[in-house]
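J.: What follows is a predicted protein model with its sequence.
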Amino acid sequence: MDGSVKPPHAAQRRGDAMRRPISSAILAHAATVLATLTAASPALALESKPSPAVVSLAPSNTELLLDAGAGKAIVGVCSNCCQVLPSAQEHLKGKPTTGTFVSVNLERLTRLKPDVVLLVSGQEGIFSLLNKRGFKVVLLKNDKLTDIPSNLRQIGKLSGTEPATEQLSVKFDQALKELSATLRGASSRPRVFYCTWAQPLLTIGKKSFLNDVITTCGGTNIAGNLSQPYPHFSAEHLIMADPDVIVLPYDARDQAIFKRFPWNKLRAVRESRLYYSPAPKDDRLSRPSIGVLEGLYWLSIKIHPELKGKLDSWRRNFKN
C-alpha cells in the first residue's frame, strides 16, 4: 500500500522462468530462418540494403549502370548523357545535371551528397578535383573492350547488382571470343581511317578505345602508331596511306567533303567504302558499354562485307 514493489509470487516466478527460454528459442529460430532465406535468395539480402547514391559524369558509365539494372541508384548525370543515350528519356528524366564530360558543378554536386561519383579515363582532372574535395570517386578504365566486363563487375559491387553484372560480363566476354573466331576466317586486315572530326582532321591513335575496336573488327588502324588518343592527321599522310575503309563523323554527312581534297584522291571514296557514323543516339561504337556489341557488328560488316552471313549469325547469338 506504500507504493513499494512487492516480490512476485512463487508461481509467477516459475511462469516467468519458463517464458524466458521459450522467447529466446523463438527469436533464435526466426533469425535462423531469415538467414537461410537470405542465403537462398541474394535479392532478399539486397533489398535490405539502401541503394547507393551515384553521380555519373560520363555517358558510358551511365549506360553501364542502366545495363546493370542500377538506374534507381543514379542521382545525377552529365549533360552529355541526355544528349547521346537512347534510353535517356525513359530512365534519366528528372535526373539533375551535375556537369559535362570536362567540367563539374561543385555546388550542385555537394547538394546531392552522392555516395560515389563515377568517372572514366580522360577525366583525371575532375577526379583529382573531386578527390581533394572529399568526394568518393571511382575512375573506370575505357582503353580496351576487355575493360567493359571489368567495369560492369565493379559497378555491380558498388550498386549491389553483382548477380546481374556477372551474368552480363560472362556473356560479353563470350561474344568477343566468338567475334574473334568469326573474323579469323578473313583473308586480309583492311586499313581503316576513322575520322572523329573532319576540319581540322582528327583521328584515333593507339591509346584510344576505338583503336581496339578497329582491331577487334578485323581492321588495321592507319593511325595506330600514333601515341595520342585523338591526334591530328595531315591530308598528305591520309593520301599516302590511302586506306581501304573510311569512317566519317555523323556531323559530316551533309558537307559532301568527299568531293574535295584530300578525299577525292582516295581509293576508298572511289570504291564507295566511305561510311558515316550513325546519329549519336544510334551510334553504339563510341560508348564502352554492353551496346558496343551492336557497334562491333556495324563496323565489322563495313570492313569485311564478305563475312556478312557469319557476322549475322554472331549477332543473333549474342542477342539471344
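T.: Happy to help now that I have it. Just so it is clear, the structure is predicted and the values come from calculations on it, not from any experiment.

J.: Which helix or strand lies directly C-terminal to the lowest-mean-pLDDT helix or strand in the chain?
T.: Across the helices and strands of the chain, mean pLDDT, DSSP states H and E gives its lowest value to helix 42-47, namely a mean of 40. The element immediately downstream of helix 42-47 (helix or strand, assigned by DSSP states H and E) is strand 54-56.

J.: what does that next one contact?
T.: 62, 65, 70, 73-78, 81, 98, 109, 112, 114-118, 158-159 (CB atoms under 8 Å, 6 or more residues apart in numbering). Every C-beta, even on glycine, is put in place using the N, C-alpha and C of the backbone.

J.: if we go to 6 Å?
T.: 62, 73-74, 76-77, 98, 114, 116-118 (CB atoms under 6 Å, 6 or more residues apart in numbering).

J.: Same check on stretch 193-207?
T.: By CB under 6 Å, 6+ apart, stretch 193-207 touches 210-211, 222-224, 226, 228-231, 233, 243, 246-248, 252, 257.

J.: please redo it, this time with the cut-off set to 7 Å
T.: Around stretch 193-207, the neighbours that count as contacts under CB atoms under 7 Å, 6 or more residues apart in numbering are 143, 210-211, 214, 221-233, 235, 238, 241, 243, 246-249, 252, 255, 257.

J.: And stretch 142-161, by the same measure?
T.: 46, 49, 52, 54, 60, 64-65, 67-70, 73, 116, 120-121, 138, 140-141, 162, 164-166, 168-169, 172-173, 176, 207, 209, 212-213, 216, 288-289, 292.

J.: Export it to PDB, keeping only CA atoms.
T.: C-alpha atoms of stretch 142-161 as PDB (Å, rounded to 0.1, in the frame of the first residue of the first chain):
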ATOM      1  CA  ASN A 142      37.900   2.500 -71.000                       C
ATOM      2  CA  ASP A 143      41.100   1.900 -73.000                       C
ATOM      3  CA  LYS A 144      40.100  -1.600 -74.400                       C
ATOM      4  CA  LEU A 145      36.900  -3.700 -75.000                       C
ATOM      5  CA  THR A 146      38.100  -6.000 -72.200                       C
ATOM      6  CA  ASP A 147      37.700  -3.200 -69.700                       C
ATOM      7  CA  ILE A 148      33.900  -3.300 -70.200                       C
ATOM      8  CA  PRO A 149      33.200  -6.600 -68.200                       C
ATOM      9  CA  SER A 150      35.700  -5.400 -65.500                       C
ATOM     10  CA  ASN A 151      33.800  -2.100 -65.200                       C
ATOM     11  CA  LEU A 152      30.500  -3.900 -65.100                       C
ATOM     12  CA  ARG A 153      31.700  -6.100 -62.200                       C
ATOM     13  CA  GLN A 154      32.900  -3.000 -60.400                       C
ATOM     14  CA  ILE A 155      29.600  -1.300 -60.900                       C
ATOM     15  CA  GLY A 156      27.900  -4.400 -59.600                       C
ATOM     16  CA  LYS A 157      29.800  -4.200 -56.300                       C
ATOM     17  CA  LEU A 158      29.000  -0.500 -56.000                       C
ATOM     18  CA  SER A 159      25.300  -0.800 -56.700                       C
ATOM     19  CA  GLY A 160      24.600  -4.200 -55.200                       C
ATOM     20  CA  THR A 161      23.700  -5.800 -58.500                       C
END
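
J.: what sits opposite residue 275 in the beta ladder?
T.: residue 247 (DSSP bridges).

J.: Filter the contacts of stretch 193-207 down to just the buried residues.
T.: Among the contacts of stretch 193-207, those scoring as buried are 143, 210-211, 214, 221-224, 226, 229-231, 233, 238, 243, 246-249, 252, 257 (criterion: 16 or more other CB atoms under 10 Å).

J.: can you tell me which of these are in helices?
T.: Among those, the residues falling in helices (DSSP state H) are 210-211, 214, 238.

J.: Among those, which one sits closest to residue 93?
T.: Nearest to residue 93 among those: residue 210, at 29.8 Å, using CB to CB.
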